[in-house]
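Undergrad: Build me a structure from this.
(chains A and B)
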Amino acid sequence: MSEQAAILTEKLTKHYGNFPALVDLDLEVRSGEIFGFLGPNGAGKTTMIRTILDEIRPTSGTATILGLDSHAQSVEIRNHIGYVPGDLAMYPNLTGRDTITYFANLRGGVDWALVETLSERLDADLSKKVGDLSSGNRQKVGLIQAFMNRPELLIMDEPSSGLDPLVQREFQKMMREVVADGRTVFLSSHTLSEVQRVADRVGIIRHGKLIAVEGVADLRSKAIRTVTLIFDETVDGGIFVGVPGVRDVRVDNHHVMVSFDGQMEQLLGVATDAHRLLDISTQEADLEEIFLTYYEEVQA
Amino acid sequence: MLTSVFTKTVRDRWRGMSIAVVALGLGLLLAMSVYRSFETDVFSKLPEAFRSLMSIPDNADAAAIAIGILYGLYGAFTLAGLAIAMGASSIAGEERDGTLGLLLGNPRSRTSVLGGKLANMTLLVTLGTVVVVAASYLVAGVLGVQLGEMHVAAFGVHLWINTIFYGMLACAIGAWTGNRSLAIGLPTGLMVLGFLLAGLLPLIEGWATVPKAIPWYYFDGSDPLNNGFSLGHFAVLLAASAVLAAAAVIGLNRRDLKGQTTTTSLLDRLRENPMTRKIADRLAGSIRVSRISIKTLSEHQGVFVVAALSMFLIMGVWMGPLYTLMDDLLLEYAEQLPEELWAFVGSGAGGMSTPEGFYEAETFGMMAWIAVMVMTVTIGARALAGEEANRTMGLLLANPVRRSTVVLEKTYTMVAYALAVGFATWAGVWLGSLLGGLGISPLNIAATCVLASLVGLVFGGFALLLSAATGRVRVAVFGTIGLTLAMFLINSIAILNETVESLALFTPFGHYLQNQPLSNGMDWGNAALLSGVFVALVAIAVYTFERRDIRQSG
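TA: Next up is the predicted model:
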């Protein structure tokens, strides 16, 4: 399985009536990576996941998971995957343990020692009814059922919602262990910081269209960074507009913050041309800024 | 805020009420046009108690018969059923959905929110009743039927307060407990039982006044269609409704609100007890979730206990001794009645003159298949659409199970419950027959119970099909109830009118009591036909479910 793509979609399209939820989505998620799938609410992330899992049927296009056709071989596929849906809902009258047992029975071959280990690592209470659990504790049960069969591919839609920071950290560790084991994680999220911490590559989706697929490192190497210039007086930010590489300018008193991916020499030239520059600092942009930059470009 | 609670609830609920009153109006049109051709003298000769049971007024003409039967039975049940659903959903339903906390997060008191809900229910019931009454005059006018001295408007007022009473009762139970199932189940049980007892108890010598303890008595006990408005009876139900509304306010204000509700089953309680924990853990835990069908089985145990016990004790065991207590004169008189009349109450046998006929009229005519239907339609409608409404279907199908497997597993549960209710009915009727010394053949009882289960399964299969095709619980439930009422009405009319007799064969009821299985034993042809229809419906459900998108809401 390691040679083939974990997920491969070709021209995957899904319309709800006249509304295009997914448009010609071509995506390859490689085996053995954590792939972050980013996009704002309503961008089409969940529709894409539901389509490749055969919950809903594509209007056109195809998808394969682990080399298997997402529709014709959907049952076989589900032997090899773990899934955490967005807006996770389970059976409120079953305890966490009953819920896990139910899915373990449907799936078969689940190692209960692993379930116990996962439960301990996530500090999950499996003795209470799911309906009586807080959303975070309910999410832990969802994570356990997804990880418990050592899936070759984990597909998770906003899996961290409700988890406290300590559990989030443990969860990220669990994802890294999965890829260290040669398996794959597909992580859909709008929590950019989480994706930034764990993902190898990210795909950015908007209005059902895949805008970009990049390695996290490549994105960063695009050198979008925040440059903070400190002057001895208030400066009109407009002087930086038009400088190659300047994407966004904010002025706060004597401080000018610029999102920038161009030649520093040109920026400094403008900065020192008619003003007295007291200090300069640069900071590597996080995915949030890169992400927003992408959107602004597409919107423009 | 009160206005918005009110208007939102109107928006959520008006459709169900509209469909119901239009269906009732069309039903009346159909029934009245058929009854116009009858020789109505036979109805005027009926004993008082029978007329009361059937809501047929004195000096009845065809129009009155249609109005009395259609509105006195179907209309009252339909409107009260809707009111119960509205009342139960008003507080307990919002709690179940986890939306009540959000609603009360706004700066309005619990009382004002409840007030908005009750005002909405009252408005919709009032509008529904007005339309239903207006339809009587309209249909009679269109068909040129003289209503004469019929007090249709007075009957409408009784219908209105009866509907309000059951809605308030459901709301009060929901407000006190936060348990929507209880808020639906108890008033429905009280209504059905009240209807039966209010009709049956006067048939027993010396028991004529007992029905005064039953709410249903104050709906039609004074025969408002015939005698006009009864202030006393109206006042009783009005006062009771006011007390229930006040109780709802008190109940809601004095307790903690629930979040998403979880139910506590008998097994859960045993699980909490150290003495029974081990065995209960196996039953409630590993066994309960061992497969989809068994898990589904465990989810409906509460409804099953009520349905099975009702059929066993009340409609089974109790009916035997009751038959022996009944007034011999009434039974002799009943023997003279044309058997077509018993179509009104669903019986295909010769009225109440024989124990078999009595059981067919009272237990098997309606109650047996309704009890089975409660199980099969609940499971069928919720089987797929319920999982989608609860957003659990995606997670379920993320496991390596086929969609067809999910449908079939749920079907197994439906069949198991249908047979179990049938078995409870068989055991009750057999015991009732023994206690009353009636000598009904246990094999014939079994045959009738199997046919009742199959009728329930056909409608459950239809609910499953709607659930599979649409993914919407409401469509599945109300679509099936609508079909059932239409089929029952068609069957009743077909029995009454020879020219359309063959229509009965297109309904499940035409293959149920038609050949009097309680007297004559199993009709294997009917059993095979009903089974075949059920299997076909399930097959279409599988085909449909395999080919559509899974919904994420109901």
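Undergrad: Check what pLDDT A:Leu192 gets.
TA: Note for A:Leu192: predicted pLDDT of 73.
Undergrad: correct me, but it touches A:Leu38?
TA: Yes: with contact defined as C-beta atoms under 8 Å, A:Leu192 counts as touching A:Leu38 (6.6 Å). No exception for glycine: its C-beta is placed from N, CA and C like everyone else's.
Undergrad: Give me the more crowded residue out of the two.
TA: Shown here are A:Leu192 and A:Leu38; by other C-beta atoms under 10 Å in any protein chain shown, A:Leu38 has more neighbours (26 against 19).
Undergrad: Excluding covalently adjacent residues, which one is nearest to the more buried one?
TA: Excluding the flanking residues, the one nearest A:Leu38 by C-beta to C-beta, 6 or more residues apart in numbering or on different chains is A:Ile204, at 5.0 Å.
Undergrad: for that neighbour, which residues make a bridge with it?
TA: Beta-bridge pairing of A:Ile204 under DSSP bridges involves A:Leu38, A:Ala212.
Undergrad: Residue 229: what's it in contact with?
TA: Defaulting to chain A. With contact set as C-beta atoms under 8 Å, 6 or more residues apart in numbering or on different chains, A:Leu229 has these partners: A:235, A:255-258, A:271, A:277, A:279-280.
Undergrad: Switch to chain B, please.
TA: B:151, B:154, B:157-158.
Undergrad: let's see 7 Å
TA: B:Phe229 makes contacts with B:151, B:154, B:157, as judged by C-beta atoms under 7 Å, 6 or more residues apart in numbering or on different chains.
Undergrad: number of nearby residues for the residue nearest to A:Leu38?
TA: 23.
Undergrad: next one: B:Leu431
TA: Residues near B:Leu431, counting by other C-beta under 10 Å: 16.
Undergrad: ditto for B:Ser502
TA: B:Ser502 has 10 neighbouring residues, counting by other C-beta under 10 Å.
Undergrad: swap in B:Gly532?
TA: 12.
Undergrad: Same question for B:Gly141.
TA: 11.
Undergrad: Tell me the secondary structure of it, please.
TA: helix (DSSP: H, G, I helix; E, B strand; the rest coil).
Undergrad: Contact residues of the stretch 51-200 of chain A facing chain B?
TA: Taking C-beta under 7 Å from any C-beta of the partner chain as the criterion, the stretch 51-200 of chain A approaches chain B at residues A:53, A:55-57, A:75, A:78-79, A:83, A:85, A:87, A:89-94, A:97-98, A:101-103, A:105-107, A:129, A:131-132.
Undergrad: what's the spacing between the residue nearest to A:Leu38 and A:Gly237?
TA: Between A:Ile204 and A:Gly237 the distance is 28 Å, computed by C-beta to C-beta, to the nearest Å.
Undergrad: and if you look at B:Leu244?
TA: Look at B:Leu244 and A:Gly237: by C-beta to C-beta, they are 68 Å apart.
Undergrad: So B:Leu438 lies in a strand, does it not?
TA: No: read with three-state DSSP, B:Leu438 is coil and lies in no strand.
Undergrad: For the nearest residue to it once chain neighbours are set aside, grab the count of nearby residues.
TA: The shortest distance from B:Leu438 to any non-neighbouring residue, by C-beta to C-beta, 6+ apart, is to B:Pro355 (3.7 Å). B:Pro355: 22 surrounding residues under other C-beta under 10 Å.
Undergrad: Say whether chain A is contacted by the helix or strand harbouring B:Ala308.
TA: Per DSSP states H and E, B:Ala308 falls inside helix B:301-309. No: between helix B:301-309 and chain A, judged by C-beta under 7 Å from any C-beta, nothing touches; the nearest distance is 10.9 Å.
Undergrad: For that helix, give me every contacting residue.
TA: Outside helix B:301-309, the residues touching it (C-beta under 7 Å, 6+ apart) are B:181, B:185, B:189, B:265, B:371, B:374-375, B:378, B:417, B:420-421, B:424.
Undergrad: got TSV for those, with pLDDT, secondary structure and neighbour count too?
TA: TSV is the format used below for the contacts of helix B:301-309 (pLDDT from 0 to 100; DSSP: H, G, I helix; E, B strand; the rest coil; neighbours: other C-beta atoms under 10 Å in any protein chain shown):
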residue	pLDDT	secondary structure	neighbour count
B:Ser181	82	helix	17
B:Gly185	87	helix	20
B:Gly189	87	helix	14
B:Ser265	68	coil	17
B:Ala371	93	helix	29
B:Val374	91	helix	22
B:Met375	93	helix	25
B:Thr378	92	helix	23
B:Tyr417	96	helix	28
B:Ala420	97	helix	17
B:Val421	96	helix	29
B:Ala424	96	helix	23
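Undergrad: closest to chain A among those residues?
TA: Closest approach between the contacts of helix B:301-309 and chain A, by C-beta to the nearest C-beta: B:Ser265, at 7.6 Å.
Undergrad: May I see the contacts of helix B:301-309 organised as CSV, with distance to chain A added?
TA: Formatted as CSV, the contacts of helix B:301-309 follow (distance: C-beta to the nearest C-beta, whole Å):
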residue, distance to chain A
B:Ser181, 12
B:Gly185, 17
B:Gly189, 22
B:Ser265, 8
B:Ala371, 24
B:Val374, 20
B:Met375, 18
B:Thr378, 15
B:Tyr417, 18
B:Ala420, 21
B:Val421, 22
B:Ala424, 24
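Undergrad: which among these gets closest to B:Thr99?
TA: Relative to B:Thr99, the closest of the contacts of helix B:301-309 is B:Ser181; by C-beta to C-beta it sits at 17.4 Å.
Undergrad: what sits against the closest one?
TA: Counting by C-beta under 7 Å, 6+ apart, B:Ser181 has contacts B:Gly302.
Undergrad: What pLDDT does the model give B:Leu266?
TA: pLDDT, read off for B:Leu266, is 68.
Undergrad: How about the one 10 residues further on?
TA: B:Thr276 is assigned a predicted lDDT (pLDDT) of 79.
Undergrad: Kindly report the same for B:Ser55.
TA: B:Ser55 is given a pLDDT of 50.
Undergrad: quick one: A:Glu214 is in a strand?
TA: Yes: per three-state DSSP, A:Glu214 lies within a strand segment.
Undergrad: gap between A:Phe186 and A:Pro20?
TA: On the measure of C-beta to C-beta, A:Phe186 and A:Pro20 end up 22 Å apart.
Undergrad: So which of the two has more stuff around it?
TA: A:Phe186 (26 against 17).
Undergrad: Show me what that one bridges to in the sheet.
TA: According to DSSP bridges, the residues that bridge with A:Phe186 are A:Phe35, A:Ile155.
Undergrad: Could you verify my assumption that it touches A:Glu152?
TA: No: with contact defined as C-beta atoms under 7 Å, A:Phe186 does not count as touching A:Glu152 (11.4 Å).
Undergrad: Who has more neighbours out of B:Leu244 and A:Gly237?
TA: In this view B:Leu244 and A:Gly237 are compared by other C-beta under 10 Å, and B:Leu244 has more residues nearby, 25 against 16.
Undergrad: Excluding chain neighbours, what is closest to the more buried one?
TA: Leaving aside its chain neighbours, B:Leu244 sits nearest to B:Met168 (3.9 Å; criterion: C-beta to C-beta, 6+ apart).
Undergrad: Now the one helix or strand that neighbour maps to: average pLDDT?
TA: Secondary-structure assignment from DSSP H and E places B:Met168 in helix B:152-177. On average, the pLDDT along helix B:152-177 is 95.
Undergrad: Equivalent analysis for stretch A:53-67, please.
TA: Mean predicted lDDT for stretch A:53-67 stands at 95.
Undergrad: how far does it sit from the chain's center?
TA: 20 Å (C-alpha atoms, centre = their mean, to the nearest Å).
Undergrad: Which residues of the stretch 351-500 of chain B lie near chain A?
TA: Checking the stretch 351-500 of chain B against chain A by C-beta under 7 Å from any C-beta, the hits are B:390-392, B:394-395, B:397-402.
Undergrad: Cool, thanks, signing off.
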